[in-house]
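Undergrad: my questions are about this predicted structure, shown below with the sequence.
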Amino acid sequence: MAASTSKRVVIRRFEREPVHGFVNPQTYLCAEGIELLSQSGAILVVPYAEVKVVYFVRDFESGEPSPEHRVFNTRPKISGVWVRMHFRDGELMDGILANNLLQLEPYGFTVVPPNPSSSNQRVFVPRAALAALQVLGVVGSPLRPQKSKPKPKQQIELFE
């Protein structure tokens, strides 16, 4: 795992302590689980069934987002698909998915969190952690209303 490509993560697990470490963004999703280099230098594979979320963080000292920062209070400004994730334990979390089917991972979803200015830059949520995924809207859709055609010069106005 090269240092230049590794990212800091905090893996939050169901009913267990979180795990801090580093992942390679291109290869961390394995068939068995999430491959992680712990802070002590051991390589771990955390099974998807244990993982609730994987926070890609700026630093390890920052805490978990507060419950009021897990959902959008207003319509988000970031383009993408606005989703609400319902976890197996009843918790809710909003995020913005990329509006590109080629960027979907087979093991879960990578979303932009509601407060990207916090320490959490991206969040990976395994499919096994979710009870439901609800689409709330599409923001910044490439479909735009068509402009009205200019009227021909030979057409007369009704009230001239």
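TA: All right, it came through fine.

Undergrad: okay, which residue is most central for the chain?
TA: Val111 (0.8 Å; C-alpha atoms, centre = their mean).

Undergrad: contacts only, for that residue.
TA: Counting by C-beta atoms under 8 Å, 6 or more residues apart in numbering, Val111 touches 83, 85, 95-97, 122-123, 125. Glycine gets a C-beta too; all of them are placed from N, C-alpha and C.

Undergrad: from these, which is closest to Glu32?
TA: Val125 (17.9 Å; C-beta to C-beta).

Undergrad: residues contacting that closest one?
TA: Per C-beta under 8 Å, 6+ apart, neighbours of Val125: 52-54, 85, 93, 95, 108-111.

Undergrad: of the contacts of Val111, keep whichever come out buried.
TA: 83, 85, 95-97, 122-123, 125 (16 or more other C-beta atoms under 10 Å).

Undergrad: for whichever strand or helix holds Val9, output the C-alpha coordinates as PDB.
TA: In this structure, Val9 sits in strand 7-13 according to DSSP states H and E. The C-alpha coordinates for strand 7-13 follow below in PDB (Å, rounded to 0.1, in the frame of the first residue of the first chain):
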ATOM      1  CA  LYS A   7      -6.400   7.700   2.400                       C
ATOM      2  CA  ARG A   8      -7.300   8.100   6.100                       C
ATOM      3  CA  VAL A   9     -10.500   6.300   7.100                       C
ATOM      4  CA  VAL A  10     -12.500   5.600  10.100                       C
ATOM      5  CA  ILE A  11     -14.600   2.500   9.800                       C
ATOM      6  CA  ARG A  12     -17.700   2.600  12.000                       C
ATOM      7  CA  ARG A  13     -19.000  -0.900  12.800                       C
END
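
Undergrad: sounds good, over and out.
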